[in-house]
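Asks: What follows is a predicted structure for the sequence shown.
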Amino acid sequence: MPATGRIEIDFERCKACELCVPACPKNCIEIGARINAQGYAAAFFARPDDCTGCAVCAEACPDVCIEVWR
Amino acid sequence: MPATGRIEIDFERCKACELCVPACPKNCIEIGARINAQGYAAAFFARPDDCTGCAVCAEACPDVCIEVWR
Amino acid sequence: MKTEGKDRFKRQVFSRPKSLVDVKSHFCPGCHHGIAHRIVAEAIDHFGLREKTIGVACVGCAVFLYDYIDVDVAEAPHGRAPAVATGVKRAQPDKFVFTYQGDGDLAAIGTSEVIHAANRGENISIIFVNNTTYGMTGGQMAPTTMLGQKTSTSPYGRDFRKDGYPIKMAELLATLEGTAYSARVATSTPAQIRKAKEAVRKAFDMQIKEMGFSIVEFLSTCPTNWGMKPIDAQKRVLGEMSEYFPLGVYKERKQADFL
Amino acid sequence: MKTEGKDRFKRQVFSRPKSLVDVKSHFCPGCHHGIAHRIVAEAIDHFGLREKTIGVACVGCAVFLYDYIDVDVAEAPHGRAPAVATGVKRAQPDKFVFTYQGDGDLAAIGTSEVIHAANRGENISIIFVNNTTYGMTGGQMAPTTMLGQKTSTSPYGRDFRKDGYPIKMAELLATLEGTAYSARVATSTPAQIRKAKEAVRKAFDMQIKEMGFSIVEFLSTCPTNWGMKPIDAQKRVLGEMSEYFPLGVYKERKQADFL
Amino acid sequence: MRLATAAAQRVLMKGNEAICVGAIAAGCRYYYGYPITPQNDIPEYMSAHLPPIGGTFLQAESEVATINFILGTSASGKRVMTSSSGPGISLMQEGLSYMAGSELPAVIVNISRSGPGLGGIAPSQGDYFQAVKCGGHGGYRMPVLAPHSVQEMYSLTMLAFDLADKYRNPAMILGDAIVGQMKEPFEPVAYESTVDPGKPWALTGCAGRPRQHVKSLYLKDNAIEVHNWKLHRKYLLMQEKEVRFEDYRLDGARIVVVAFGTAARVCKTAIQWARGEGIAVGMLRPVTLFPFPAAQVDAAAARADVVLVVEMNTGQMLEDVRISTTFHDRIRFMGKPCAMPTPEEILGEIRNLAGKRR
Amino acid sequence: MRLATAAAQRVLMKGNEAICVGAIAAGCRYYYGYPITPQNDIPEYMSAHLPPIGGTFLQAESEVATINFILGTSASGKRVMTSSSGPGISLMQEGLSYMAGSELPAVIVNISRSGPGLGGIAPSQGDYFQAVKCGGHGGYRMPVLAPHSVQEMYSLTMLAFDLADKYRNPAMILGDAIVGQMKEPFEPVAYESTVDPGKPWALTGCAGRPRQHVKSLYLKDNAIEVHNWKLHRKYLLMQEKEVRFEDYRLDGARIVVVAFGTAARVCKTAIQWARGEGIAVGMLRPVTLFPFPAAQVDAAAARADVVLVVEMNTGQMLEDVRISTTFHDRIRFMGKPCAMPTPEEILGEIRNLAGKRR
Amino acid sequence: MNADVIMAGFGGQGILMIGNLLSIAAMEEGRHVTYFPAYGVEMRGGTANCTVVISDEEIGSPVVGRPKACVIMNGPSLGKYLPSIREGGDLVINSSLVDPAKVDRTDVRLLSIPANDIAREVVGSQQLASMVALGAYVTVTGVVEMQTLFDCLPKVISRKYEKFIPLNVNALKEGESFARHHP
Amino acid sequence: MNADVIMAGFGGQGILMIGNLLSIAAMEEGRHVTYFPAYGVEMRGGTANCTVVISDEEIGSPVVGRPKACVIMNGPSLGKYLPSIREGGDLVINSSLVDPAKVDRTDVRLLSIPANDIAREVVGSQQLASMVALGAYVTVTGVVEMQTLFDCLPKVISRKYEKFIPLNVNALKEGESFARHHP
Ligand SMILES: Cc1ncc(C[n+]2csc(CCOP(=O)(O)OP(=O)(O)O)c2C)c(N)n1
Ligand SMILES: Cc1ncc(C[n+]2csc(CCOP(=O)(O)OP(=O)(O)O)c2C)c(N)n1
Ligand code: SF4
Ligand code: SF4
Ligand code: SF4
Ligand code: SF4
Ligand code: SF4
Ligand code: SF4
Ligand SMILES: [Mg+2]
Ligand SMILES: [Mg+2]
C-alpha cells in the first residue's frame, strides 16, 4: 500500500534526541550519519513509502522539527 | 449545702474581662467596684458559700488570676 | 489571703503551671493568647520538658513568649519560626522544639516555611493561634479573616472575589505526608479547653516519639481589634468561626515509621 | 524540500503553531520543555489570545520564554511569577495572563506565592513543569525529587527522614477554594500529549470565563541531569514518576460564581 | 472624599495619610502592601479610598509578594506604590534589584523604625545605607527623598512618581515614625506632572506591534556590561539634574549643620535658639539623599569652620558628607540611634562647637 | 576523605571547594543553602562530605528559609555556613539584620554574579555596597573578606568563622565567579582557632541555669538605643583590630592601585608588566572590605601621585577610598561592571597615568 | 506665643478628639501646630495620649520630653506624666477620677476639675468630660480663643453627630467657667 | 616560561580530565598554575572547554582572551576558538573529527593529529583520544615534562580505574611520537 502521507525533518533544528524514531508506528524514521551545525547526527525520513501522515512523530518532537502533509 | 471549694482572685492581675463570671456554674463571681493599679474593676469572689471548687472559672481566666482549693 | 483559703480547703486543685512565669501579661483583657500560653506551659510541665525545651517566638502579640514561658526562647523574623525551629532541631535533635505563631505569621508571610517544615516531616511542634486578624499591628485583614469581616484593611468587608476565602491551615497541612499530627481546637468553653489540652499533649508526644511534624491550630479571640467585649468575642468563636473552621483532628499518625 | 512534499500531499496536517517563534531552542536534546512550549503556543492560537496575552517567565530552563512564545513577556524573580502575574492581571483584568514555571521555581522558593494566588482565586493560568530537579543550575534536589533519587545535592539519594516526601502540588492546590482547575499531565506518549493539550485549553478557558485560578502540572524530563537518554527519561516518566504523581484532573469548577 | 475637601484649604493631616493623598493626586491607582508599624495608616487609608475612585488596593501575603505585585503592575504601565518599614523593606531587596535591572518605575515608601532585626518602633534613621546605597544586589541606585514635614510627605510623594517615570526606576520615600505619625497643617497644592505620561515599553499585549519584554537578564557576550553602563549613565544624570536640598539660615553660618528628615526638623529649633544667642549657625538639609547634594555640602564646608552632621543613627549620611568634601577635619558628628535628639541636646553641641571656635 | 589527603600536600582545587574544606577544617558541621550559579559546587561538596563526618547538610526551600535555618543553628551554639549569589543574598537581608541584631555568628558566602536583577553569571563585583554597607535594615555591619585566590578561599573562610564567633556577628566571604570556579594549587595549612570556643549564650535548654533568649527586640525606654551603641562599639573594635590588606610592590610606588578580589589578581599581572617597563606602580589590596584599610589607603595616597581604583563595577569601593583620604584629586577610577578587565587594559591605564605624571 | 501639652487618659475618653480639636483651632488661628498621638505597642492597655505643640515659628520636634502643660484624665496617667511637667507649668486633672492629693509637686499650677461630674450633671453626658477639661485648659493657658474651638467643632465631629455640637460647646463653656471661678 | 592553552571539544571527550592532568603536572613541577572550566549556561549543548595558565610568576587572570595555544577536539570548537589564538601560537586539532582544511590561518603553528584513530587503532580505546592530543600538545610546546604527566596520572584517575593507567601512558606516548614525526 502506497504512502498516504509525507513528513519533512528540519535537518539543522534536529538534536538527534531519537524520540521520533520509536514514536513512528510505521518505523519510517532513523537517526542519520550526517552531523548538522549543532553537532548532532540528525534524524531523517528513512522509509517515506510507509508514511501514513499520522503526525505522531511531529507531536513527539520536542524541537518541532517535523512537518507533516497528507 | 455548704461550700465544697474556695477560690482566690489576684486583684492586681485581673483585667476585668468578665470571662469567669458566666463561666462559673454557681455564679459565684462578680465584677467589683474597686479599680486596680492597671485601671480595671477587678472581679471578686461574691458568693463563696456556693463554690464547689470545680475550677471552671480558673480554666476560663486568660490571665491565670484564679487559684482554687477543695 | 491564701492562708484563709488553706485553713478549710487544703488541696489546691488549680494553680499556675510551673513553666508559666509569674508575671502580668501584656495581652488585652479577655484575649485567649493567655489561655493558649497556659496550656502550652501545662503540657511542658506534664512531660517534664522545661529544661530541654527551646521555644521559638513569632512576631505578633505573642512576640513576648520569652517573658512568659520559663524556657530558652529564640526570636524568629515574622513568619520564619518553623525555619528557625528547623535550624535548632537539626543542631539539637535531642531537645524539644516548638514554635508559637499567629495567623498572619504562619498563614500569610510564613506560608512557605510552615509547609516545607511539614513536608520535610520536621520533628517539631507548632502552636498556631488563629484570631482571623493581625492583632499586634492593629487588626488588619489576614488570610484567615472571615468573608464579610471588616478589618482596618478590609473596611468594606472581605470579599472572596478580591481576597479569596479564609485559608484552612489545619486541613492544608494535614494533606502533607510529613505531618504527623494536625488538629484544630478552641478555648471558649471548659470542654473545648479540655480538648485543647489533649491536642497539645498529643502534638508534643508526636515530637517526643519522633513521628514528625505536629501542629495545633487554636481558634482564638482578638476582642480589641474585633471591637467586641471578650464574652462576645468568645461567642463569635463558638459561632461563625467554628462553623467555617471546624474543630477536630485532621491527621494523627499511628506508627513512627511513615513509609 | 517543502515543494517536493507539497506536490503530492497538499494538506499540511502538522506545522509549527503561529505563536511559537521560529527559532532554535536552547533546550537539551529530548527535553520536554519543548513540547510544553509548543502546547502552550497551540492553546494561545486556539483561543486567538496572542495579541492580548502577557506571559510571565520563571527563572529556570524556561527563563527564555520570551524568545519562544510570540507574546509580551515579563521576567519574574525566581519563584515569584504568580505574584508578578497578579500585579499584571489586577492592572489589566481584560488581558490573558499566564505563568510558566519549573518545580524548583513553583514548589520550592515560590510556594507561598502560588498558594496565595490560588487562595485568592487569582484569575490567572499556570503551566507548571515538574522534572523532579533544578535543571538550569545543574540538577540539584527539588521538593519534587523522588525518594532515593540521586541528584547533585542528594548524592546518597533522597531520604524521607531527612528531606521528606516529594510534594504533590496539583493535589495540594486543588484543596484551595480559589482554585478553579488543577490537573496533572505528561507528554511521553501521543495519548498523553492529547490529554495535555485538553488540560491546557481547559485551564486557559477557566481564565477566559473568569472562574479563577487554574494550573496544569506537566510531568517532564531532564535527560541531561538525570543522566539518561531522552527515551529512557520518557520511560521514567511513564514508570515511577506517574506512579507517585498520578495523572488526572484534581479539580474542575463548573460554574463561575463559587460561593 | 477627603481629597476633595483637602483641595479646598489647609488641613490637619497625618504624615502617612498625606503620602496617600499625594499618591492619589499624582494618579496612583494601585497600592499593594503588608502591614507593619509604624506605617499602617497608609494601607488602611488606601484600602478605604482607592476602591471608591476605581483604584485597586490589594493586601499581599508578604513583602516579597508585595514587591512582585508592584513589578507586575509597573510592567503594565500603571503608577503603583507600596509602603513598609525596615524588615519589610529588607524583604523587598531582591525585587527592587529586579525592578532597577528591568527599568521599572514605582514608589516605595519606608516609614522606618528601629533596627537591626525586629528592633522596635522608636523613630530611627538607621535605614539610610539600605535606602541610599541600595541593599539589593548588583549595585543599582534609586532616587531617595527624605520628607521632614507633612507638607513634604505630600509633595515629595508626587515628585517621587515623576522621578520614577522619568528615569524608569524605583524611587523611595524615606520617612520615619515621627513624620509618619504626626499631624500637621498642610496645603494640598494641585499636582502638575513634569513627565510625559506615555509608556510605550509597557506590556499590554502585542496587538499591532511586535512582542516586547520586561527583563533584567542579559547573557549574550558583554550585554550585561553594556546594560550596566546604560544604567550608570542614568544615575549620573540623576546626580546632575535631580539634587534637591534646603538652605536653612546658611548665610554667614560658621557652623553648618547637615541633617535630613526628622533630625533636620529638630535641628531647626536648635538653630533658632542658637541664632537667638548670636551663634552663626545654619543648616544644609538634603531633601534628595540620592542624588546627594555633594557639591553644596562641599561648598558649605569650604565656607564654614565646622560641619556638624546630625543623624538618628550612629553615622551613615556622615559617609556621604566625607565623600563630598575634602574638609574632613571640619566634620563633627552627633548621632542618636533609634531616638530623636532633643533641641536642647543639639543646642548644647552647637554651643560647644561655637565655644571651641572662639 | 579529601580533607585528609589535602592535609598532606599541595592540591589543585576549585575555589568553591576550598571554601568547603576550610569550613570543615574550622569545625563547621552544618551547612544550609539553596542552589544558584556560580556557587553550586559548595552545596554539592557539602552534601557529599558532611554526612560521612556526622555533619548536617540540608537544602532549604529558599534563601529566606536558609538564613533562618542558619539563625536557629547559630542560636544553638554551632558553627554554621551558607552560600549563595546576588539574588539569594538579597533575600537573606532581613535574616542577616536579625542575626546582627541578635548577635549571632555565622559565615555567609557570596560568590557574586552579574546584576542587578537576574543579570547574568558573568563575574562581577557589583555586590560591594550590599556586602560592605549591609543591605538589611537598621545599619548593622559585618566583617567582609575578599579572597583573590583559592588559597585565600580556604584560609579566609577559617578566619571568617573566628571573626564571627569573636564578635558574635555574621561574617561574609565576598568572592566572584572567577575565584569560585577556578582551580589552583593550595596548601591546606592546619586550622588554629584564635577564639574561645565557649558559647554560654547559646540556647541549649535551661538545665541548671535560668532561661535565656536570643532576640533583637528592645522595646522598653531607650533599650534599643543602648543596644545600638553596644553594637556600634563592636564595629569600632573590628575597625581597630581586624583590618587586613596586602602590600603588593608598594615600596616607592608613585601610582597606587587599590583593588580587591579577582580585579586585584588581574592588576598584579598588569603591575608585573608595568614594573618591567620601569613604571613605579604597586597595589594596596584590601583583604577586609569591612573593616576597610582606611588609614593604609590614606597613607599610600599621601605618598603617591595617583591612586587608581580598579573594580568590576561602576565604582563602589571607590566611595570608601574617598572616605578614607582627603587626596580626592589624586583618585582615578577604572571600572568594568560584570566583566573582568584584561591585564592589557589595566596596563594601558597605568601607562597613561605614568605618562601624565611625566 | 508657644505652647505644648500632653493629654492623657483611658481609651474612649476622647483624648485624641480634644487633641485634634485644639490642633485644628491653632491651625485656624494661623499658628504652626503639630499633633503627635501614641502609636503601636504604646496603645496597649486601654490608655490614650497625645502631644500638641503650638508655635509662631516653624516647629521642630512634635514630641516633648518636658511639656509646659498636661491634661490628665485618669489615675495611671498622673503617675506617668506628673514628673515631666516643666517648673511653673500648668496641670489640669480630672478630679472625678484622679486624686488631687496624689499631686506631690508644688512647682506647677494645678487645676483640679471634676470633669466627669460636670459633664454628667451639668452638660448631661459623661462622654464630654474631656471637652470640659479642654475648655478649662484653654482658659487657663489661653493658647487659643474659645470661639475658635467652637468654630472648629464641625471639623472633628462627623456629620452624623453634628446635632451634638451645641452640647460640646456647652461642655467647653462649663470647663471655661469652672476655670474662671477656680483660679 | 609561561604558557596558556584553551582545550575544547564535546562533553565526554575527556577535555576537563586532560586540563586537570596538565594543571597538576605543572603544579608538581613547582609552577604557578590556574585551571578554569566553562560553567553555568555555557555548559549547554554538550560542549566542554577549559583554560589552563602556567607561569613562573604569580598568575593574574585565569581566563585568557587570546590564548598562546589551543587543543581542538571537535568541529564546532574550531570555529569558536581559531580566531582567538595569538599570532605564532600553537594549534593542535583532532583531525579525526576536525577538517584541517578549515584552518584558514597561516600565522599559527598547526599540528593535525588523528587522535581518535590513533586512540582506537594504536592505543586500543577511543576514550583516550584527548590523552593522545595532550601528549602531542605537551611535546610541541614542552610546557611540562612527559614524565611528570605519567607520574600525575594516578591523581586524576580514580582507584577504580587505576588498571587503565598504562593505557593512558601509551596514549600520551603515541601523541608524543606522532608530534615528533610531524614537526
Ligand atoms: C517582615 C515583617 N513584616 C511585617 C511585620 C509587622 N508585623 C508584626 S506582627 C504582624 C502580624 C501579627 O499578626 P498575627 O501573626 O496574626 O499575630 P497576632 O498579633 O494576631 O497574634 C505584622 C504584620 C514585621 N514585624 N515583619
Ligand atoms: C533567588 C534565586 N535563587 C536561586 C536562583 C538560581 N536558580 C536559577 S533556576 C533555579 C531552579 C531551576 O529549577 P526549576 O525551577 O525546576 O526549573 P528547571 O530548570 O528544572 O526547568 C535556581 C535555583 C535564582 N536565580 N534566584
Ligand atoms: S507521520 Fe506518522 S507515519 Fe509518517 S513518519 Fe510521522 S509518525 Fe511515522
Ligand atoms: S524528535 Fe525531533 S529532535 Fe528528536 S530526533 Fe526526532 S526530529 Fe530530531
Ligand atoms: S470553682 Fe467552680 S464554683 Fe467555685 S467559683 Fe470557680 S467556677 Fe464557680
Ligand atoms: S477571667 Fe480572670 S481576668 Fe477576667 S475577669 Fe475573671 S479573673 Fe479577671
Ligand atoms: S491585640 Fe488582639 S490578639 Fe493582641 S493582645 Fe490584644 S486582643 Fe490579644
Ligand atoms: S537541563 Fe534539563 S530541563 Fe534544562 S533544558 Fe536540559 S534537559 Fe531540559
Ligand atoms: Mg492573628
Ligand atoms: Mg525542574
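Replies: Yes, it's here. Ligands and ions are numbered 1, 2, ... in the order given.
Asks: what's the distance between residue E:27 and residue E:77?
Replies: Separation of residue E:27 from residue E:77 (C-beta to C-beta, to the nearest Å) stands at 12 Å. The C-beta positions use only the backbone N, C-alpha and C, and glycine is treated the same way.
Asks: How confident was the prediction at the residue of chain G positioned farthest from its centre?
Replies: The outermost residue of chain G, judged against the average C-alpha position, is residue G:160 (23.7 Å), by C-alpha atoms, centre = their mean. pLDDT recorded at residue G:160 is 90.
Asks: all strands of the stretch 51-200 of chain C, in order?
Replies: In the stretch 51-200 of chain C, the strands defined using DSSP state E, counting those that start in this stretch lie at C:53-57, C:72-75, C:96-102, C:125-130, C:179-186.
Asks: So which of those strands is nearest residue A:8?
Replies: Ranking the strands of the stretch 51-200 of chain C by proximity to residue A:8 (C-beta to C-beta) places strand C:179-186 first, at 53.8 Å.
Asks: State the pLDDT value of the residue of the stretch 151-259 of chain C found nearest ligand 3.
Replies: Residue nearest to ligand 3 within the stretch 151-259 of chain C (C-beta to the nearest ligand atom): residue C:177, separated by 40.6 Å. On pLDDT, residue C:177 comes in at 96.
Asks: Hmm, residue D:163 and it touching each other?
Replies: No: using C-beta atoms under 8 Å, residue C:177 is not in contact with residue D:163, being 11.5 Å away.
Asks: Who are the contact partners of whichever residue of the stretch 1-150 of chain E sits closest to chain D?
Replies: Relative to chain D, the nearest point of the stretch 1-150 of chain E is residue E:72 (2.3 Å; C-beta to the nearest C-beta). By C-beta atoms under 8 Å, 6 or more residues apart in numbering or on different chains, residue E:72 lies in contact with D:56, D:74, D:76, D:83-91.
Asks: could those go into JSON lines alongside distance to ligand 10?
Replies: Below are the contacts of residue E:72 laid out as JSON lines (distance: C-beta to the ion, whole Å):
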{"residue": "D:56", "distance to ligand 10": "17"}
{"residue": "D:74", "distance to ligand 10": "20"}
{"residue": "D:76", "distance to ligand 10": "16"}
{"residue": "D:83", "distance to ligand 10": "19"}
{"residue": "D:84", "distance to ligand 10": "19"}
{"residue": "D:85", "distance to ligand 10": "19"}
{"residue": "D:86", "distance to ligand 10": "23"}
{"residue": "D:87", "distance to ligand 10": "24"}
{"residue": "D:88", "distance to ligand 10": "24"}
{"residue": "D:89", "distance to ligand 10": "25"}
{"residue": "D:90", "distance to ligand 10": "28"}
{"residue": "D:91", "distance to ligand 10": "29"}
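Asks: I'd like to know which of these are part of helices.
Replies: Among the contacts of residue E:72, the members found in helices (DSSP state H) are D:83-91.
Asks: I only care about those that end up buried; give me the ChimeraX line for that.
Replies: Burial among the ones in helices among the contacts of residue E:72 is assessed by 16 or more other C-beta atoms under 10 Å in any protein chain shown; the matching ChimeraX selection reads:
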select /D:83,84,85,86,87,88,89,90,91
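Asks: I'd like to know the beta-bridge partner residues of residue E:246.
Replies: residue E:285 (DSSP bridges).
Asks: Also the one 10 residues further on?
Replies: For residue E:256, the beta-bridge assignment (DSSP bridges) gives partners residue E:282, residue E:307.
Asks: The residue farthest from the centre of chain G belongs to a helix?
Replies: Yes: secondary structure of residue G:160 (DSSP: H, G, I helix; E, B strand; the rest coil): part of a helix.
Asks: mind checking how far the lowest-mean-pLDDT helix or strand in chain A is from the chain centre?
Replies: Sorted by mean pLDDT, DSSP states H and E, the helices and strands of chain A end with strand A:29-35, the least confident at a mean of 93. How far strand A:29-35 lies from its chain's middle: 10 Å, per C-alpha atoms, centre = their mean, to the nearest Å.
Asks: Counting by contacts, list what it packs against.
Replies: helix A:20-23, strand A:41-45 (3 or more C-beta pairs under 8 Å, 6 or more residues apart in numbering or on different chains; DSSP states H and E).
Asks: Mind listing the strands that strand pairs with, and their directions?
Replies: strand A:41-45 (antiparallel).
Asks: can you tell me the distance between the two ends of stretch C:66-76?
Replies: End-to-end span of stretch C:66-76 (C-alpha to C-alpha, to the nearest Å): 12 Å.
Asks: Got phi/psi on residue E:332?
Replies: phi -120, psi 150 (degrees, to the nearest 10).
Asks: How about it, nearest residue that isn't a chain neighbour?
Replies: Nearest non-adjacent residue to residue E:332, counting by C-beta to C-beta, 6 or more residues apart in numbering or on different chains: residue E:308, 4.9 Å away.
Asks: So for the one you found, what's the pLDDT?
Replies: For residue E:308, pLDDT reads 98.
Asks: That one against residue E:348, yeah?
Replies: No: with contact defined as C-beta under 8 Å, residue E:308 does not reach residue E:348; the gap is 11.7 Å.
Asks: on that earlier part again, which one of the ones in helices among the contacts of residue E:72 sits closest to residue G:139?
Replies: Distances from residue G:139 to the ones in helices among the contacts of residue E:72, taken by C-beta to C-beta, are shortest for residue D:90, at 54.1 Å.
Asks: tell me the contacts of the residue nearest to the closest one when sequence neighbours are not counted?
Replies: Sequence neighbours aside, residue E:56 is the residue nearest to residue D:90 in space, at 5.3 Å (criterion: C-beta to C-beta, 6+ apart). For residue E:56, the contact set (C-beta under 8 Å, 6+ apart) comprises D:90-91, E:29-31, E:50.
Asks: Swap in 10 Å and give it another go.
Replies: Residue E:56 is in contact with C:162, D:87, D:90-91, D:93, E:29-32, E:46, E:50, E:69, E:73, E:78, E:80, counting by C-beta atoms under 10 Å, 6 or more residues apart in numbering or on different chains.
Asks: so it bridges to which residues?
Replies: The partner residues for residue E:56, given DSSP bridges, come to residue E:30.
Asks: can you list the weak-confidence ranges in chain A?
Replies: Within chain A, the stretches with pLDDT under 70 are A:1.
Asks: same thing but 80
Replies: A:1, A:39 (pLDDT under 80).
Asks: Quick check, the residue in chain E closest to ligand 4?
Replies: Counting by C-beta to the nearest ligand atom, chain E gets nearest ligand 4 through residue E:219, at 23.5 Å.
Asks: ok, the nearest residue to residue C:42 once chain neighbours are set aside to residue G:21 distance?
Replies: Once flanking residues are discounted, residue C:42 sits nearest to residue C:17: 4.6 Å by C-beta to C-beta, 6+ apart. Distance, residue C:17 to residue G:21, by C-beta to C-beta: 49 Å.
Asks: returning to what we had before: ok, which of the helices and strands packed on strand A:29-35 comes nearest residue F:324?
Replies: strand A:41-45 (61.2 Å).
Asks: tell me which parts of the stretch 1-150 of chain C are close to ligand 9?
Replies: C:102-103, C:131, C:135 (C-beta under 5 Å from the ion).
Asks: Which two among those residues are spaced furthest apart?
Replies: Maximum pairwise distance among these (C-beta to C-beta): 9.0 Å, between C:103 and C:135.
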